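J.: A structural model of the following input is requested.
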Amino acid sequence: MKKVIHPKNYRIVAFKDMSNEEVFLCRSTAETKESIDINGVIYPLIKIEISSSSHPFYTGKMKYVDSAGRIDKYFKKYNRKNGPSST
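T.: So this is what the prediction gives:
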């Protein structure tokens, strides 16, 4: 491998899946200001929304998304009864 093309700040980083709170360690150059203590060792922390531990393709479990509730919440917020045509 060429020695001059690799980044200098390659280190072990903790990635935390925010949907199921699972943490895993991996090498990365990603910058972060947060940190986490795992077994007495402080690691830089990167929070992610979804990973292989929570993605339906890898887990085989589908999560129900309450889109109807979100739509009703939107209409309540903007005082609409039956959709965009009502004012």
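
J.: please identify the buried residues of stretch 8-22?
T.: Under the neighbour-count criterion of 16 or more other Cβ atoms under 10 Å, stretch 8-22 has 13-17 buried. Heads up, the C-betas are built off the backbone N, CA and C, glycines and all.

J.: same question for stretch 37-45.
T.: In stretch 37-45, counting by 16+ other Cβ under 10 Å, buried: 43-45.

J.: what about that stretch, average pLDDT?
T.: The pLDDT scores in stretch 37-45 average 93.

J.: now the end-to-end length of it.
T.: Stretch 37-45 has its terminal residues 9 Å apart, counting by Cα to Cα, to the nearest Å.

J.: quick one, helices of the protein?
T.: Applying DSSP state H to the chain gives helices spanning 56-59, 67-77.

J.: was I right about Lys47 contacting Ser35?
T.: No - Lys47 is beyond contact range of Ser35, at 11.7 Å (criterion: Cβ atoms under 8 Å).
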